[in-house]
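In: can you look at this prediction? I've put the sequence above it.
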Amino acid sequence: MQIIIQSIDPFDQYEEMIRELLPASKRNPEEMFQELRTLFESLTHPAAGRLAKAFFDDDALMSAFRSAPAAKVLHHAYLGGLLEHTLQLCNLADRMLPLYPLLNRDLVLLGLLLHDMAKTRELMYDRAFDYTERGLLVGHIVDGVILLREKVYQPGIEMPPEAIMVLEHIILSHHGVPEFGAAKVPSTPEAIFVSNLDDLDAKTEMALVASKRDKPVGADLRGAFTEKHWALNTRVYRPDPLSSGGGS
């Protein structure tokens, strides 16, 4: 069978159509956003709360934040992926921080909220996932600090200068090492925590996607191991040996 195309006309898509044509989060973005915003109502330092509110009240930025992928390819590479990744990190931190009472909870949560926020500028996702010119020339790590400064120096925020510096450091260092894009190696307890938690969620998501554990039992996965995953530097073993049929 063949199709002969006689003409093609451009069509202006709408947001709901894009979610049907591109990979998208299975979770409702509005529900995820409200869950995240509610979590940030628990910040205790007044300046931290004001800074979070300044971000959440920026309708244009939050609209992009709800829609953007977290990456072009690697992890959470789907519409709503940036929000889902950020929410997952904040929920993980919220559960883990009681085990580390000397960590500053407000700084950790703000760092997690902001660490990838500039991916709303780095990535475009209207027709396919790709990098913007700004993403290629500036990138989300440096642009994240620029975005923070656009908000934190607004009248009324009154964040202590040392806290601003530490938040900037979290953003600049969250990729861990220079060869992975970090401008600085994480050098505060909060930055080390954020960087490792970010790495944990990203790599776990990559491993789960590669393992295809959401496929039905008996599906042809072409062997128990994936091909070598370059970002994980290993072949991923797919089966869950304790699930029904997992080892078969």
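Out: Nice, I can see it. Numbers count the residues shown, from 1 in each chain.
In: okay, CA-based contacts and neighbour counts for the rest of this
Out: OK.
In: count the neighbours of Pro23 for me.
Out: 17 (other Cα atoms under 10 Å).
In: quick one: the helices in the chain?
Out: Counting by DSSP state H, the chain has helices at residues 15-21, 29-40, 46-56, 59-67, 81-96, 105-114, 119-122, 133-137, 140-152, 161-173, 189-211.
In: so which of those helices is nearest Gln2?
Out: helix 15-21 (22.8 Å; Cα to Cα).
In: give the rounded mean pLDDT of that closest one.
Out: Across helix 15-21, the average pLDDT comes to 67.
In: same deal with stretch 197-217?
Out: 82.
In: turn the helices of the chain into CSV, including mean neighbour count and distance to Arg235.
Out: Shown next, in CSV, are these (neighbours: other Cα atoms under 10 Å; distance: least, Cα to Cα, whole Å):
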stretch, mean neighbour count, distance to Arg235
helix 15-21, 11, 30
helix 29-40, 15, 32
helix 46-56, 18, 40
helix 59-67, 17, 31
helix 81-96, 20, 24
helix 105-114, 22, 29
helix 119-122, 24, 28
helix 133-137, 14, 30
helix 140-152, 19, 29
helix 161-173, 20, 28
helix 189-211, 18, 9
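In: need these in CSV with distance to Ala183, can you?
Out: Output for the helices of the chain, formatted as CSV (distance: least, Cα to Cα, whole Å):
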stretch, distance to Ala183
helix 15-21, 34
helix 29-40, 27
helix 46-56, 23
helix 59-67, 23
helix 81-96, 21
helix 105-114, 15
helix 119-122, 16
helix 133-137, 15
helix 140-152, 8
helix 161-173, 5
helix 189-211, 13
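In: nearest to Thr226, of these?
Out: Judging the helices of the chain by Cα to Cα, what sits closest to Thr226 is helix 189-211, at 6.9 Å.
In: show residues contacting that closest one.
Out: 74-76, 85, 88-89, 93, 103-104, 107-108, 111-112, 169-170, 173-176, 186, 225-226, 232, 236-239 (Cα atoms under 8 Å, 6 or more residues apart in numbering).
In: now the residue lying closest to Lys212 once chain neighbours are set aside: phi and psi?
Out: Of all residues not flanking Lys212 in the chain, Arg238 sits nearest, at 6.9 Å (Cα to Cα, 6 or more residues apart in numbering). Dihedral pair for Arg238: phi -80, psi -50, per degrees, to the nearest 10.
In: Arg238 contacts Phe225, doesn't it?
Out: Yes. Using Cα atoms under 8 Å, Arg238 is in contact with Phe225, at 5.7 Å.
In: just to revisit the earlier point, going by mean pLDDT, which of the helices of the chain comes out lowest?
Out: helix 15-21 (a mean of 67).
In: mind giving me the domain ranges of the chain?
Out: 15-211, 215-248 (automatic domain parsing).
In: make JSON lines from the ones you listed and add distance to Met1 to it.
Out: Output for the domains of the chain, formatted as JSON lines (distance: least, Cα to Cα, whole Å):
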{"stretch": "domain 15-211", "distance to Met1": "24"}
{"stretch": "domain 215-248", "distance to Met1": "27"}
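In: now for these, which one comes closest to Ile4?
Out: Closest among the domains of the chain, using Cα to Cα: domain 15-211, at 22.4 Å.
In: okay, Asp126 and Phe56: tell me how far apart.
Out: 22 Å (Cα to Cα, to the nearest Å).
In: nope, Asp214 is what I was after
Out: In terms of Cα to Cα, Asp214 sits 33 Å off from Phe56.
In: which residues are in contact with Ile171?
Out: With Cα under 8 Å, 6+ apart, Ile171 has these contacts: 111, 114-116, 141-142, 144-145.
In: let's see it at 7 Å
Out: Applying Cα atoms under 7 Å, 6 or more residues apart in numbering, we find Ile171 in contact with 111, 115, 141, 144-145.
In: thanks a lot, see you next time.
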